[in-house]
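Colleague: Sequence first, predicted coordinates after that:
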Amino acid sequence: MKYKVSYILKDGEQKTSLVEADDARQAQNAFSGEGFVTGVEKEAGDAAGAAGGFFSFMKHPGDFNLMLFSKELSTLLRAGLTMPEALDTIESHMDNKMLKTAIEGVKNEIIAGSSFSAAVKKRPDVFSGLFARCVEGGETASNLTEVLNILAQNLKNSYQMKSRIINITVYPVMILSITFCVFTFLLLYVIPAFETVFYEIKIDIPPHTAFLFGVSGFLKKYYASLIAGAVLVFTGVFFTGVFSALKKLSLVVMRKLPVSSGLMNNYSLFVFSGMLSAMLRSAAPALESFSTALFALRDITDAPRRDAAMEILKTGGSFSKAVASLGLADGVMARMCAVGERSGKIADMVEMINEYYLENLQNSIERLAEVLEPLIIFLTGIFIAALILSVFLPIIKLTMGGI
């Protein structure tokens with residue numbers, strides 16, 4: 001939901017900004033570091049806008065646009081442009097309207113005296129928390145351009161991984177969609193003809209065939225109501241915010257399944273190692289680098305373990321001990337960090353870990369494709385065989401004199 005937050009800066013200037021938040025308290029906390037918050041109001045018409053979570057999802061810039069934004073911003077800053085000038089240049093040719101609006105807002109807040117990371121944090125619907133933490137770390141280390149450049153590379157890798165996952169699901173989805181359409185056509189127009197013939201010649205119908213006839217009759221009688229009900233359900237899901245809840249639930253379920261959970265865990269480790277490598281190479285402090293990258297593991301490690309890992313670093317512990325305390329299923333990262341610490345090249349070693357997880361992800365995706373496609377074909381074959389047997393088995397028995 002969008003909230004309008006009014007606040008007074010430390011220099012006495014009054015400002016009003018929009019922020020995406022779950023509730024009024026979260027919206028207020030987003031500006032608590034800017035000054036004194038005087039009021040928080042839900043944006044008018046937000047029920048319709050935020051309810052269209054599905055359509056907001058379609059307009060979201062995604063990793064590809066954010067990668068282009070990060071790369072171009074890094075290049076323009078290296079060329080000597082100020083941050084507002086660089087953002088204005090990018091905004092002038094940005095195609096994604098959601099990102100274009102966000103860039104304009106960030107530019108205006110920077111001109112008003114805000115930092116780039118603070119302005120980015122106020123737009124979580126466009127810039128992820130991990131993105132905001134990385135640019136904040138880059139500002140702290142006074143090496144924002146390098147962080148943006150490495151961040152663009154990590155976003156590119158993330159985009160490629162997601163694209164490959166989507167590509168391997170296209171074929172099974174097409175097969176299932178075609179099978180569904182064919183089955184629906186048969187149940188509505190072909191099966192009823194066989195049912196009429198069977199009852200006319202008084203054939204004893206097996207239970208599975210009778211069940212098929214029952215399903216066919218139900219669909220033929222209520223198909224209009226079923227379609228209308230489906231449209232209403234989808235409309236309600238998309239316009240009441242249920243879409244976001246279902247998305248979160250699906251992620252929780254996927255993390256419980258053996259195949260998908262392993263893939264998602266590898267992806268989180270890939271992002272974590274990539275962000276840690278980026279921060280270390282930007283000369284950011286070790287504690288700040290680890291804290292920023294640790295945000296990528298929020299879905300596979302609980303808060304107490306993350307806090308314990310941070311405490312190890314704060315008290316002078318090593319990276320390897322901090323990583324080991326996270327209790328990750330894969331112990332490769334802790335061992336490789338230990339090697340990097342002994343050689344004094346921890347940044348290079350973390351980059352090698354990132355490449356290892358990238359290759360591991362690619363292999364996992366390929367294995368998933370190898371398993372998924374034959375499985376879909378096998379299941380489709382079973383449904384087709386069941387349909388043929390249900391319809392033609394009574395006919396075969398009749399011709400063979402079995403009835």
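Modeller: Everything's here; your move.
Colleague: Now L326: which helix or strand?
Modeller: Following DSSP states H and E, there is no helix or strand that holds L326.
Colleague: Please parse the protein into its domains.
Modeller: According to automatic domain parsing, the chain comprises the domains 1-51, 58-127, 144-403.
Colleague: Please work out which of these is packed deepest.
Modeller: Per residue and on average, the most neighbours among the domains of the chain fall to domain 58-127, with a mean of 18 (mean count of other CB atoms under 10 Å). For every residue, glycine as well, the C-beta is placed using N, CA and C.
Colleague: Just the mean pLDDT for that domain, thanks.
Modeller: Mean pLDDT, domain 58-127: 86.
Colleague: hmm, back to that, redo the domains of the chain as TSV? Include distance to E136.
Modeller: Listed next are these as TSV, based on distance: least, CB to CB, whole Å:
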stretch	distance to E136
domain 1-51	12
domain 58-127	4
domain 144-403	7
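Colleague: Of those, which shows the lowest average pLDDT?
Modeller: domain 1-51 (a mean of 59).
Colleague: can you pull the contacts of A293?
Modeller: Each residue near A293 by CB atoms under 8 Å, 6 or more residues apart in numbering is listed here: 272-273, 275-276, 279.
Colleague: For the stretch 201-350 of the chain, just list every one of the helices.
Modeller: For the stretch 201-350 of the chain, the helices defined by DSSP state H, counting those that start in this stretch cover 207-239, 242-254, 258-281, 286-294, 303-314, 319-324, 332-343, 346-399.
Colleague: looking at those, which is closest to F180?
Modeller: Closest approach to F180 among these (CB to CB): helix 346-399, 9.8 Å.
Colleague: starting at the chain centroid, how far to that closest one?
Modeller: 22 Å (CA atoms, centre = their mean, to the nearest Å).
Colleague: Okay, angle between that helix and helix 258-281 too, please.
Modeller: Counting by axes from the mean of the first three to the mean of the last three CA atoms, to 10 degrees, helix 346-399 lies at 160 degrees to helix 258-281.
Colleague: orientation of helix 346-399 relative to helix 286-294 in degrees?
Modeller: Using the same axes, to 10 degrees, helix 346-399 lies at 10 degrees relative to helix 286-294.
Colleague: Point out the other helices and strands that helix 346-399 packs with.
Modeller: Contacts defined by 3 or more CB pairs under 8 Å, 6 or more residues apart in numbering; DSSP states H and E place helix 346-399 against helix 144-185, helix 191-200, helix 207-239, helix 258-281, helix 332-343.
Colleague: could I get these as JSON lines with distance to L375?
Modeller: Converted to JSON lines, the helices and strands packed on helix 346-399 look like this (distance: least, CB to CB, whole Å):
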{"stretch": "helix 144-185", "distance to L375": "8"}
{"stretch": "helix 191-200", "distance to L375": "27"}
{"stretch": "helix 207-239", "distance to L375": "24"}
{"stretch": "helix 258-281", "distance to L375": "11"}
{"stretch": "helix 332-343", "distance to L375": "29"}
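Colleague: These: which one's closest to T292?
Modeller: Closest to T292 of the helices and strands packed on helix 346-399, according to CB to CB: helix 258-281, at 5.4 Å.
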